[in-house]
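In: One predicted model, sequence on top.
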Amino acid sequence: MAELQLDEMNAMHFDVLKEIANIGAGNATTALSKMLNAKVDMKVPCIQFMEFKELAEGIGGAENLVVGILLTLDTGIDGMMMFVLESSSAEQIVNLLMGKSGKLDEFSEMDLSALQEIGNIIAGSYLSAISAFTNMTITASVPYLSIDMAGAILSVPAIEFSKISDKALLIETEFGDKDTIINGYFILIPTLDAFTTIFSALGLA
């Protein structure tokens, strides 16, 4: 099985990734609606490959304060997944979940636990989409939550995977109810072997 290079990916490969992203968003919509006990809409307005050095700009700039939920993939495919929310969006989703309003001075332990669970649900929804598409069993670690500048948070996967790949898949998502729209970013950083495995399972590699 020849290793697929990212610059060799064609429109068909990209269409498959878009479809996986849309199914993942659909899965997340259902899960979040149950969690919030309210109708939640989610869509995928943008999906693109970016170099690690461009990722921070893609989510608002290296000094933008964000909440990042990081999971490592260890069964089926290797790599990392991250769900990132700007701090203002994290506040909105905490208020939505907790039935609160207004600006938060800081996140409580309960707020952080809720954000971690939401990140876990959304990341798990995308993993389920990949698993359903490929008939592969893919598992991830317990999520790790961090609040820091985007550049600092993204340095973790950059250091871990820069020797293997210099690109990541960035999926911008929009979700919320009729009154609140929240922007989030789902980042998939698989090894090149993982991309090859995914596309081979679909007969595209």
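Out: That came in fine, so what should we check first?
In: Pull out the buried positions in the host helix or strand of E117.
Out: Assessed by DSSP states H and E, E117 sits inside helix 109-134. Under the neighbour-count criterion of 16 or more other CB atoms under 10 Å, helix 109-134 has 111-112, 114-116, 118-131, 133-134 buried. Just so you know, the C-beta spots here come from the backbone N, C-alpha and C atoms, and that holds for glycine as well.
In: which regions of the protein lie under the pLDDT threshold?
Out: 1-10, 76, 158, 160-166, 190-195, 204-205 (pLDDT under 70).
In: rerun at 50
Out: Low-confidence regions of the chain, defined by pLDDT under 50, span residues 1-4.
In: need the helices for the protein, in chain order.
Out: Remark: helices assigned in the chain by DSSP state H are 11-36, 52-58, 87-98, 109-134, 150-161, 192-201.
In: closest to K178 out of the ones you listed?
Out: Comparing the helices of the chain against K178 with CB to CB, the closest turns out to be helix 87-98 (11.6 Å).
In: Look up how far T139 lies from D148.
Out: Relative to T139, D148 is positioned 26 Å away (CB to CB, to the nearest Å).
In: Next: I59.
Out: Counting by CB to CB, the gap from I59 to T139 is 26 Å.
In: For these two, indicate the residue with more neighbours.
Out: Comparing I59 with T139 by other CB atoms under 10 Å, the one with more neighbours is I59, at 25 against 13.
In: Once you drop chain neighbours, what's closest to A28?
Out: Spatial nearest neighbour of A28, chain neighbours left out: S125 (3.8 Å); criterion: CB to CB, 6 or more residues apart in numbering.
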